[in-house]
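In: any chance you could fold what I've pasted below:
(one chain, ligands or ions: 1)
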Amino acid sequence: MSTSAAFYKKPLDDRVSPLQVTFENLSYYVTVAPQPGDKKPPVLERVKNTFTGGGGTEKCILKNMSGSFQPGRLCAIMGPSGSGKTSMLNLLSGFTSNGRLEGNIWVNGRTADNSALRMLTAYVNQEDIILPTQTVKEAVAFSTALRLPCLDKNIQSQRCQEAINLLSLEHTEKTVIGDDENKGVSGGERKRVAIAMELVTDASILLLDEPTSGLDSHTAITVAKLMKKIALTGRTVVTVIHQPSIEIFNMFDDLLIMKEGRIAYMGEREGCMPFFAQLGYICPKSRNPADYLLTDVLNRPRDVVDSAFLAQESKRLEKLTDAWDHSSDFQKQRENIEFPVLEDIHESSFKRMRSLGTQIKQLVIRDWNNMTRNKLLLNIRLIQIAVFALIGGMVFYNSDSKNPDVQSQNFQGASFYIILTEFFVTAITVLNTYSPQRSLFRREFLNGYYNIHAYFISKVIIELPIHIIGSLIYSAIMYWMVGFQKSAGKYFLFAAVAIAERLCGFALGVHLACFFVDLALAISVIPLLVVPFMAFGGMLVNPGEMPGFIKWCQWISPVKYGYAALAINQFDGLEYKGQDIGSGILDKLNLGRFGVAANIGFILMFSAVFTIQAYISLVHLVRQQGIKKNKKKSKDGSSDPRAIILGPPEDRFINNLNGIDIVSYAQETNMSSATVFNDEKAIPGSPDFSYYQLPDPLSGNNDNRESNNNNNRASSNSKGNHRVSMFGSPYINQN
Ligand SMILES: Nc1ncnc2c1ncn2[C@@H]1O[C@H](COP(=O)(O)OP(=O)(O)OP(=O)(O)O)[C@@H](O)[C@H]1O
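Out: You can find the predicted model right below:
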């Protein structure tokens, strides 16, 4: 019998647990918008779809894929563009956020759902989104501090340095990552930083999407060598690659060749070309096998219009993938699935999230650096505050010296102006700043850097003081220039309203940034809020004179509460030449029965509502929509994906071992230790035998030992149950 585990070697790095990924009948579907020419559903259904977002047609991205990825080996996923390589990697990493999944993915024989896969894998995706203002060392240290399972600070910094050295990034340690506008590290270095950031997690499964794309050939080879080096430590390394050079191609241990969501070949690299040769595709000696496969064998001609020829090509390609399903190499993959590595998965294999306090601390430090290094943005924000205050101050300058009518009009105008600048300008500024960080948040969240609470709280910690200081500067300039009432109490209430409106604008900006995928879309939605908020703001039209059926809208406008608070604050007790003029004006304004403090309270309530909405939008952003959930329960009844992974393998795989000569199986598969059976066939010597140490395949030690005294292993079972143990604690098979 040959099995997948034949590939398995004891890891060289004792931090690594050998994790084998197997998958069976994996199909993945997404819903796409209805295409022109699609049959239209009945009217009622269309109306329902408008609200539910349903109604699209289902598209199959991956079709019935079965196979395995082995620990200690480097596997390349190759295939023409659109063949489903990235989708496959997204499924393996648990990054898939929508669609429907059929089939199973197992890690060491345990069902793994999206969240389990995210905890077990490190994923370097194509975009390698890293905060541009971080230096190389800061980026790697940030990942280490938040994701390395070990808490010891010295070990953390040692591990961070190890990763930097391994990726030859020492000379760029202090260089910023940069972006299109501010040049930082090169494309290849950036790619290597992204790999280092994942490597420090000590994850035993490393997935990379096109890590060599856009790199010169020398750097591409360096990255490929590095992947090989990582695989040799015992990790399972899977990479999507486009058109590798012959040198890189020869570094791969295994290949998964895909065509239109199906497997065209999966197995050892050496077996690939003979497999295709057998189907009549013989690679000329002068050609790079990867080029030959991707251009001559698997590619559908794109520039041909002859429909008969295209139909012929479709048939040819279908035959090719059908041939895989009937091949002996496919049978090997089936055996890998049926007889997986069953080694225990330990807690240490999970990426561990730090405490909330540590997450907040790391995020606050990073955000602070980001803000202070982004000097231009910071300066513009400060200048903006000063300019708006000065313009307002000049337009409404010395209003207290004017006659009562002008004074009243100016105070009302100034109050409205303050609300517009503090509320709407802040909302737009925040939206512009936060919207681009959306994808960074999504990537880091899904990669297990931090949770939503930590992200949220850190943003508030960083932004709150800035907005409060901003409003204080604004109030200090504007209040005295306009000539509002000279009273410390009134000044502080004025500042409190400005702060509350600014916070409300901040919360609205964050909400819009989290809710809309696209910044342009979010900006175009802002007028839809601004105009009604202004119309019902209490200044443009007298609230008492509005038509009854629409009057209530004033109560859902944060502008109205701010305007009312400022107007009441100023007109209350306002005198002209010793005469009270304020009460008359307030009566005419019809601003409602609430006082200044109550109005401030309402503005803060709006801030809280926008904040909650922002939080819900963030949750929505990372929510796993529609993906099949892990319904399986662990043996102790838990449906927690972590408990399932830490528990025993599925009965199916244990049962598959029944009746098999487990000792020769383990020897054949190079396992260093195996087996406890109350089954005479499997037991060398005594029927009470409980543990058998096989020769270590790496040390070449052939001194087989029999032992009865290993307490961690099974002893004979009084009930006569069969016990099977591969590398770990025994699992009882109730026969
Ligand atoms: N969420 C989705 N909605 C609609 N179509 C999708 C979705 N995800 C993937 N696809 C489609 O599935 C196919 C496979 O996409 P995928 O990105 O996995 O291909 P790929 O082999 O990685 O391509 P490339 O080499 O060009 O990156 C493509 O036709 C793509 O348009």
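
In: for the ligand, see how far away residue 323 is.
Out: Distance, residue 323 to the ligand, using CB to the nearest ligand atom, to the nearest Å: 21 Å. Any C-beta I mention is one placed from the backbone N, CA and C, and that applies to glycine too.

In: cool, and residue 139?
Out: 25 Å.

In: hmm, residue 132 and that residue touching each other?
Out: No: Residue 139 lies out of contact with residue 132 (CB atoms under 8 Å); the separation is 10.1 Å.

In: nearest to the ligand: which residue in the stretch 351-500 of the chain?
Out: residue 442 (14.4 Å; CB to the nearest ligand atom).

In: chain center to the helix or strand that residue falls within: distance?
Out: Element membership for residue 442, per DSSP states H and E: helix 438-446. Centroid displacement of helix 438-446 relative to its chain, using CA atoms, centre = their mean, to the nearest Å, is 4 Å.

In: what packs against that helix?
Out: Applying 3 or more CB pairs under 8 Å, 6 or more residues apart in numbering; DSSP states H and E, one finds that helix 438-446 contacts helix 452-482, helix 596-622.

In: burial count for the residue lying closest to residue 195 once chain neighbours are set aside?
Out: Sequence neighbours aside, residue 124 is the residue nearest to residue 195 in space, at 5.4 Å (criterion: CB to CB, 6 or more residues apart in numbering). Residues within reach of residue 124, counting by other CB atoms under 10 Å, total 25.

In: any idea how far residue 455 is from residue 323?
Out: 49 Å (CB to CB, to the nearest Å).

In: please identify which of those two sits among more neighbours.
Out: residue 455 (21 against 17).

In: up against the ligand, what does the stretch 301-450 of the chain have?
Out: Within the stretch 301-450 of the chain, no position is near the ligand by CB under 6 Å from any ligand atom.

In: pass me the low-pLDDT residue ranges in the stretch 301-450 of the chain, would you?
Out: 301-305 (pLDDT under 70).

In: the same query, at a cut-off of 80, please.
Out: 301-310, 313, 342-344, 346-349, 351-353 (pLDDT under 80).

In: tell me the contacts of residue 470?
Out: Contacts for residue 470 (CB atoms under 8 Å, 6 or more residues apart in numbering) come out as 381-382, 385, 502.

In: would you list those in CSV and tack on distance to residue 251, secondary structure and neighbour count?
Out: CSV is the format used below for the contacts of residue 470 (distance: CB to CB, whole Å; DSSP: H, G, I helix; E, B strand; the rest coil; neighbours: other CB atoms under 10 Å):
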residue, distance to residue 251, secondary structure, neighbour count
381, 49, helix, 18
382, 53, helix, 14
385, 56, helix, 25
502, 56, helix, 28
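
In: domains of the protein?
Out: Domain ranges of the chain: 4-349, 356-622, 657-733, per automatic domain parsing.

In: out of these, flag the one nearest residue 646.
Out: For the domains of the chain, the distance to residue 646 is smallest for domain 4-349, at 6.1 Å, taking CB to CB.

In: how many residues are close by residue 646?
Out: 18.

In: no no, residue 203
Out: Neighbourhood size, residue 203 [other CB under 10 Å]: 25.

In: skip the chain neighbours and tell me the closest residue to it.
Out: The shortest distance from residue 203 to any non-neighbouring residue, by CB to CB, 6+ apart, is to residue 122 (3.8 Å).

In: give me phi/psi at the one you found?
Out: phi -110, psi 130 (degrees, to the nearest 10).

In: the one 10 residues further on too?
Out: Here is the backbone geometry of residue 132 (degrees, to the nearest 10): phi -60, psi -30.

In: and it, what pLDDT?
Out: Here the pLDDT value assigned to residue 132 is 89.

In: mind checking the SS state of the residue lying closest to it once chain neighbours are set aside?
Out: Spatial nearest neighbour of residue 132, chain neighbours left out: residue 179 (4.1 Å); criterion: CB to CB, 6+ apart. The three-state assignment at residue 179 reads coil, by DSSP: H, G, I helix; E, B strand; the rest coil.

In: before we move on, back to that, which one of residue 139 and residue 132 has more residues nearby?
Out: The neighbour comparison of residue 139 against residue 132 (other CB under 10 Å) goes to residue 139, with 24 against 20.

In: the more buried one in helix, strand or coil?
Out: On the basis of three-state DSSP, residue 139 is classed as helix.
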